[in-house]
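Visitor: Sequence and predicted structure are below.
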Amino acid sequence: MKIGIIGTGAIGSILAKKLSAAGHQVKVTNTRDMATLREIATNLGAQAASLENVVKEVDVIIFSIPFKAYKDLPKNLLQDVPQEVTIMDTSNYYPFRDGQLSGLEGKTESEYISQTLGRPVIKVFNNIMEYTLKHKGKAAGEEGRIAISVAGDNEEHKKVAAELVDQTGFDTVDGGSLAESWRQEPGTPAYCTELDAAALKQALAAAEKGKAPAVRDAVMGKFQNSKTFPSHEEMVNINRSTAAGDLK
């Protein structure tokens, strides 16, 4: 497939590298100058592209940028992109980082992104940490393979997203519609807890609407109050225990 990735941060850069290695034609963009972007793209096995060009003549567009940055994208960015192109969103909302955003209240995070972009999106790769995505992928069928949830309203686009997830080393679980994607947002049992497919299905079903923001903020408080920066395993354990009810 031809894939355009907007954002070369923690998740975007790993996706670019893995999907390039899987044989896809990947081009990337970010907010750096073109010379710096070319150097980054080369290291990822991708091509550098401007924001205008990264969305042209591709099968998939992956947005992997800070949540608050979507509102600043050009309003016509996707106007010429065919409807059959799969558009994926990896972002998460954190108030301490993104601030208060007009139009977010009452919507799931990806419903807000979809409205902001003017196109339906598939929410995926949002409930996995950088370390997990980079180091914990396994071959299909291997025991203990971690799963990622995929939410959206277009079943064909969800299949495309699931195919790419598989190629990065992870199973998928259907996270339902975009309206149900709150079940994989920060603070839910499905968020960054490194579960296999069966356990992830249970975690998505166990999520309680309206509870996640308090859990999300409690998790961030535990991270910030740690005397030393938590290890990856400690972060997974904090996510699991806090989502299970240990908010202190």
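Guide: Great, that's in hand.
Visitor: thinking A203 is in contact with A190, fair?
Guide: Yes: taking C-beta atoms under 8 Å as the definition, A203 is a contact partner of A190 at 4.2 Å. In this view, the C-beta of every residue, glycine as well, is placed from N, C-alpha and C.
Visitor: Compare the two and say which one has the larger neighbour count.
Guide: Legend: neighbour count by other C-beta atoms under 10 Å for A203 and A190, higher for A190 (28 against 23).
Visitor: From Y131, how far off is the more buried one?
Guide: In this view, A190 and Y131 are 18 Å apart by C-beta to C-beta, to the nearest Å.
Visitor: just the strands in the chain please.
Guide: Along the chain, the segments classed as strands by DSSP state E run 2-6, 25-29, 47-48, 60-63, 86-89, 122-123, 147-150, 171-174.
Visitor: Would you convert the ones you listed into JSON lines that also reports mean pLDDT and mean neighbour count?
Guide: Converted to JSON lines, those look like this (pLDDT from 0 to 100; neighbours: other C-beta atoms under 10 Å):
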{"stretch": "strand 2-6", "mean pLDDT": "98", "mean neighbour count": "24"}
{"stretch": "strand 25-29", "mean pLDDT": "98", "mean neighbour count": "24"}
{"stretch": "strand 47-48", "mean pLDDT": "98", "mean neighbour count": "20"}
{"stretch": "strand 60-63", "mean pLDDT": "98", "mean neighbour count": "24"}
{"stretch": "strand 86-89", "mean pLDDT": "98", "mean neighbour count": "26"}
{"stretch": "strand 122-123", "mean pLDDT": "98", "mean neighbour count": "30"}
{"stretch": "strand 147-150", "mean pLDDT": "98", "mean neighbour count": "26"}
{"stretch": "strand 171-174", "mean pLDDT": "98", "mean neighbour count": "20"}
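Visitor: Let's test this: mean pLDDT of stretch 196-205, rounded?
Guide: Here stretch 196-205 scores 97 as its mean pLDDT.
Visitor: what's the answer for stretch 214-224, then?
Guide: For stretch 214-224, mean pLDDT is 92.
Visitor: I'd guessed D153 sits against E180; true?
Guide: No: here D153 does not reach E180: they are 9.9 Å apart, not a contact under C-beta under 8 Å.
Visitor: still on that earlier bit, for the strands of the chain, which one sits closest to T108?
Guide: When the strands of the chain are compared by C-beta to C-beta, strand 122-123 sits nearest T108, at 7.9 Å.
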